[in-house]
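Enquirer: Sequence and predicted structure are below.
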Amino acid sequence: MTNSSLKLWSFQFSPFAGKVRAALSEKGVDYEILEINPRKRPERLRELNHFNRVPVLEVDGAVLTESAIICDWIEETYPDPALWPEDPAARAEARATAYWIDEQVTKVFFAGMIKKSRGPAEGDPADIVEQLQAKTVRRWPMIEAMLAKHGGPWIAGNQFTYADLGAMPDAVRIPQWVPELAPDPAETPLVAAWFEALRGRPSAAAIEAKGAEVVADDQS
Ligand SMILES: N[C@@H](CCC(=O)N[C@@H](CS)C(=O)NCC(=O)O)C(=O)O
């Protein structure tokens with residue numbers, strides 16, 4: 001589906017931008033990527049999003065921020081295929097899972113990677129990276145129980161949802177970047193199989209997608 005009016009401010013390694021790219025791919029919607037350099041963000045990004053963060057989706061002059069809210073807009077605008085359960089109670093549970101994955105899995109793992117590359121922030125304990133990585137790994141048995149509850153193959157059961165999409169950046173990046181943190185098939189087989197299934201979806205290619213870089217103002 002072509003919709004050249006969609007412009008997504010993004011950077012390749014951002015998990016929350018990656019989730020939105022994969023959601024648009026699941027819906028078959030075309031969009032333009034405005035790639036930022038996270039260390040040299042264009043002034044325009046702050047004008048669009050006070051917090052200077054990606055993803056930001058520009059839609060015919062409207063500015064959408066927060067990946068979960070952008071996903072809501074995607075779902076309302078492109079309802080097929082549905083990426084939330086139709087039943088309100090099942091949908092509420094899937095939404096809670098999606099929130100937990102964003103906050104307690106994706107954010108934790110990627111914060112560890114950022115601190116590994118940039119060094120600890122002021123006030124961080126010296127072993128902050130190890131702490132965040134240990135916290136990531138402690139999530140696997142919890143996810144194993146969630147997958148067992150609904151019988152898979154996806155975290156909400158039969159239907160693939162935004163809760164799965166939220167974990168797609170983790171499923172792609174953890175084995176690439178820190179394979180020793182990846183779920184062990186002997187210990188958490190359902191999580192290992194889920195990660196593999198996530199990597200196997202065509203939309204997982206969007207996690208690697210990169211656009212032409214928007215040059216920061218003082219470089220042009
Ligand atoms: N809750 C936000 C988080 C967005 C976010 O943390 N974006 C990161 C990239 S993944 C970013 O731009 N961080 C820069 C910053 O916090 O200054 C969302 O889901 O969109």
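Expert: Structure received.
Enquirer: contacts, neighbours, all on C-alpha from now
Expert: Fine.
Enquirer: low-confidence ranges in the protein?
Expert: 1-4, 218-220 (pLDDT under 70).
Enquirer: interface residues of it facing the ligand?
Expert: Ser14, Pro15, Phe16, Asn52, Arg53, Val54, Pro55, Glu66, Ser67, Ala68 (CA under 6 Å from any ligand atom).
Enquirer: May I ask you to name the longest helix in this protein?
Expert: Among the segments of the chain that qualify as a helix by DSSP state H, the longest is helix 128-150.
Enquirer: For the next helix or strand after that helix, buried residues please.
Expert: Remark: after helix 128-150, the chain's next helix or strand is helix 162-177, criterion DSSP states H and E. Within helix 162-177, the residues scored as buried using 16 or more other CA atoms under 10 Å are 162-174.
Enquirer: Adding distance to Lys7, write the residues you listed out as JSON lines.
Expert: Output for the buried residues of helix 162-177, formatted as JSON lines (distance: CA to CA, whole Å):
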{"residue": "Tyr162", "distance to Lys7": "20"}
{"residue": "Ala163", "distance to Lys7": "23"}
{"residue": "Asp164", "distance to Lys7": "24"}
{"residue": "Leu165", "distance to Lys7": "20"}
{"residue": "Gly166", "distance to Lys7": "20"}
{"residue": "Ala167", "distance to Lys7": "23"}
{"residue": "Met168", "distance to Lys7": "21"}
{"residue": "Pro169", "distance to Lys7": "20"}
{"residue": "Asp170", "distance to Lys7": "24"}
{"residue": "Ala171", "distance to Lys7": "26"}
{"residue": "Val172", "distance to Lys7": "24"}
{"residue": "Arg173", "distance to Lys7": "24"}
{"residue": "Ile174", "distance to Lys7": "28"}
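Enquirer: Cheers, nothing more for now.
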